[in-house]
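got a structure for you, letters missing:
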């Protein structure tokens, strides 16, 4: 986002007022930015948040995540000594693999030490050491990175384990990965929250300067920077205030200082949004308005929920219930609540179990609290019923012949569209391929046909062919059974000539 001519005025106004910035007042320089509620995963702000960009050393977040997977599986411990290969030792002194933190070939360093080097001074060669130990080679480890990214649902592609060369990820996915890391392996904050790390007789500042030279930022406890020519200046930051976490991702900012100025704005904005959304959640009220006065079997009833008091849009989990049972297809884990939001339930009653139904709409907030609205709707106690006939009541058929039987269904229910279970049966047994769990009746009329084939070797006898509509134990529909007698007969033999 390019700085506008009035940016200085807005910044001065922000400083004088002491308030947090609104989205309109944000004046960051990054090409992409994304802000997430670190507790719920809710998007708080996005600018080109789904554009794939080069993360540079933010790549190391996924590398470290896989190290923690190995720790959780028991294949590594923080004290496990890891041997440095000639390859990794050479790259640890190569300035094209930032940060160049020298390692000694053949020497061993603990997993904990290597994690500190990866996440604090951003030592690329330390990533290679871990990759070679876990997967045998960096190439094999990168294949695991891409599979892990896929498993986590990230929009990301990796070609190396350190970010000294281009990889690609969206800001949204970088935030999702960071949240997943913190949620699953919170020990990582023990490392990312440090202002620096002493190794080999030298003290290395954390490249996240909100923890040291450009800090402090209240509540900051990580997470990771990234800088190469192809990426510009990137950083993922996270902080906690009043028990609430914000994650902010900045990609392709214009300088080292600017990326942290960008991050301060975005973190401030995130905390401001959380406060406003929490207040909006607390103030939310709901009302269910039945669009029909009663519910009758197989006639779709519409009920609408209306939100009130939402001062700032937010996300919550939403679900419709009927008699305490969730209605399939009417739940949403990311329901967008706004001042004018409505949700409509189209409900079809298929069983009569009482004289009323209790219909509820429930919003579940990120902290687990609920907002509930419910209404009791009368149920009309009149099952749907149909009459019908077969085009054949009784027929005699020779072996090897066919006979087509048609069922015509009619009713007076005044229903436009009804689906009921139906089947054809022969001698009381369903005929394979002629059972329909959702036989459609339009405007109280329907037709079904079955062609009966008599085997050439069929024995003479009488059989019952039936068309059955509705289940025998149904309460909201009167079952209908139409039958015809089909007699298999042998042709009369011609008497021999005298």
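Now that the structure is in, tell me what you want to look at. Values in this document were obtained by computation on a predicted structure and should not be read as measured data. Numbers count the residues shown, from 1 in each chain.

How about the contacts made by the nearest residue to residue 299 once chain neighbours are set aside?
Leaving aside its sequence neighbours, residue 299 sits nearest to residue 415 (C-beta to C-beta, 6 or more residues apart in numbering; 5.7 Å). Glycine gets a C-beta too; all of them are placed from N, C-alpha and C. In this structure, residue 415 makes contact with 298, 299, 384, 441, 443, 444, judged by C-beta atoms under 8 Å, 6 or more residues apart in numbering.

ok, those residues vs residue 276, which is closest?
residue 299 (42.7 Å; C-beta to C-beta).

Distance of that closest one relative to residue 449?
Residue 299 sits 28 Å away from residue 449, taking C-beta to C-beta, to the nearest Å as the criterion.

okay, these two: which has more neighbours?
Using other C-beta atoms under 10 Å as the criterion, residue 299 and residue 449 rank with residue 299 on top: 18 against 13.

so that one is in which element?
Residue 299 is part of no helix or strand when elements are defined by DSSP states H and E.

Would you mind listing the residues in contact with it?
348, 349, 415.

what's the answer for residue 241, then?
218, 219, 271.

which ones among the residues you listed are found in helices?
Residues of the contacts of residue 241 located in helices (DSSP state H): residue 271.

Switch the contacts of residue 299 over to a markdown table; also include secondary structure, pLDDT and distance to residue 173.
Shown next, in a markdown table, are the contacts of residue 299 (DSSP: H, G, I helix; E, B strand; the rest coil; pLDDT from 0 to 100; distance: C-beta to C-beta, whole Å):
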| residue | secondary structure | pLDDT | distance to residue 173 |
| --- | --- | --- | --- |
| 348 | coil | 94 | 40 |
| 349 | coil | 94 | 44 |
| 415 | coil | 92 | 48 |
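
Pipe those residues into JSON lines and attach distance to residue 196 per row.
As requested, the contacts of residue 299 are exported to JSON lines (distance: C-beta to C-beta, whole Å):
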{"residue": "348", "distance to residue 196": "64"}
{"residue": "349", "distance to residue 196": "66"}
{"residue": "415", "distance to residue 196": "74"}
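
follow-up on the earlier one: now the contacts of residue 415: which count as buried?
Taking 16 or more other C-beta atoms under 10 Å as the criterion, what is buried in the contacts of residue 415 is 298, 299, 384, 441, 444.

Show me the strands in the stretch 51-200 of the chain, by range?
For the stretch 51-200 of the chain, the strands defined by DSSP state E, counting those that start in this stretch occupy 81-83, 108-110, 156-157, 168-169, 196-199.

Same list, these, but as TSV with mean pLDDT please.
TSV is the format used below for the strands of the stretch 51-200 of the chain (pLDDT from 0 to 100):
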stretch	mean pLDDT
strand 81-83	98
strand 108-110	98
strand 156-157	98
strand 168-169	98
strand 196-199	97
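
Select, out of these, the one closest to residue 206.
strand 196-199 (5.5 Å).

And the contacts of that closest one?
Under C-beta under 8 Å, 6+ apart, the answer for strand 196-199 is 101, 113, 116, 117, 120, 121, 203, 204, 205, 206, 212.

now stretch 372-383
286-288, 290, 292-297, 301, 303, 305, 321, 349, 352, 354-363, 474-478.

and the residues you listed, which are buried?
In terms of neighbour count (16+ other C-beta under 10 Å), the buried residues within the contacts of stretch 372-383 are 286, 288, 290, 295-297, 301, 303, 305, 321, 349, 352, 357, 359-363, 474, 476-477.

And for residue 121, nearest residue in space, chain neighbours not counted?
Nearest non-adjacent residue to residue 121, counting by C-beta to C-beta, 6+ apart: residue 204, 3.7 Å away.

Can you tell me the element the one you found falls in?
strand 202-205.

cool, residue 452 as well?
Using DSSP H and E, residue 452 maps to strand 445-453.

can you check residue 213 too?
Going by DSSP H and E, residue 213 is not in any helix or strand.

Residue 279 contacts residue 309, doesn't it?
No: using C-beta atoms under 8 Å as the test, residue 279 is too far from residue 309 to be in contact (10.1 Å).

Could you tell me the end-to-end distance of stretch 380-393?
35 Å (C-alpha to C-alpha, to the nearest Å).

do the same with stretch 94-106
Chord length of stretch 94-106, first to last residue, is 18 Å (C-alpha to C-alpha).

Show me which positions of that stretch end up buried.
Per 16+ other C-beta under 10 Å, stretch 94-106 contains these buried residues: 97, 98, 99, 100, 101, 103.

So which residue is smack in the middle of the chain?
By C-alpha atoms, centre = their mean, the chain has its centre lying nearest to residue 333, at 7.6 Å.

Tell me if I am right that it is in a strand.
Yes: assigned with DSSP: H, G, I helix; E, B strand; the rest coil, residue 333 falls within a strand.

Distance of it relative to residue 319?
Distance from residue 333 to residue 319, by C-beta to C-beta: 9 Å.

List the residues that contact residue 362.
Residue 362 touches 318, 319, 321, 370, 371, 372, counting by C-beta under 8 Å, 6+ apart.

Out of these, who's the most crowded?
The residue in the contacts of residue 362 with the most neighbours, by other C-beta under 10 Å, is residue 318 (21 neighbours).

got the contact list for residue 300?
By C-beta under 8 Å, 6+ apart, the neighbours of residue 300 are 346, 347, 348.

Kindly reformat the residues you listed as TSV containing neighbour count and distance to residue 400.
Listed next are the contacts of residue 300 as TSV, based on neighbours: other C-beta atoms under 10 Å; distance: C-beta to C-beta, whole Å:
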residue	neighbour count	distance to residue 400
346	13	50
347	19	51
348	14	45
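
Helices of the chain, residue ranges please.
In order along the chain, the chain carries the following helices (DSSP H): 7-17, 60-73, 86-91, 111-119, 124-135, 138-151, 171-184, 188-192, 256-283.

Which positions in the third one come out as buried?
If I follow you right, that is helix 86-91. For helix 86-91, the neighbour count (16+ other C-beta under 10 Å) marks 88, 89, 91 as buried.

Please apply the same query to the shortest one.
Neighbour counts over helix 188-192 (16+ other C-beta under 10 Å) mark 188, 189, 191, 192 as buried.

Using CSV, lay out the residues you listed together with distance to residue 485.
Output for the buried residues of helix 188-192, formatted as CSV (distance: C-beta to C-beta, whole Å):
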residue, distance to residue 485
188, 78
189, 80
191, 83
192, 82
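
Between these, which sits nearest residue 147?
residue 188 (20.6 Å).

Pretty sure the closest one sits against residue 180.
No: contact criterion C-beta under 8 Å: residue 188 and residue 180 do not qualify, at 10.8 Å.

distance of the residue nearest to the centre of the chain from residue 302?
From residue 333 to residue 302 the distance is 23 Å (C-beta to C-beta).

One more: residue 335?
Distance, residue 335 to residue 302, by C-beta to C-beta: 19 Å.

Repeat that for residue 243.
To residue 302, residue 243 is 41 Å away according to C-beta to C-beta.

Tell me which of these two has more neighbours.
More crowded of residue 243 and residue 302, by other C-beta under 10 Å: residue 302, with 12 against 7.

How about the contacts made by the closest residue to that one other than its chain neighbours?
Spatial nearest neighbour of residue 302, chain neighbours left out: residue 291 (4.0 Å); criterion: C-beta to C-beta, 6+ apart. Contacts here follow C-beta under 8 Å, 6+ apart; on that basis residue 291 touches 301, 302, 303, 304, 344.
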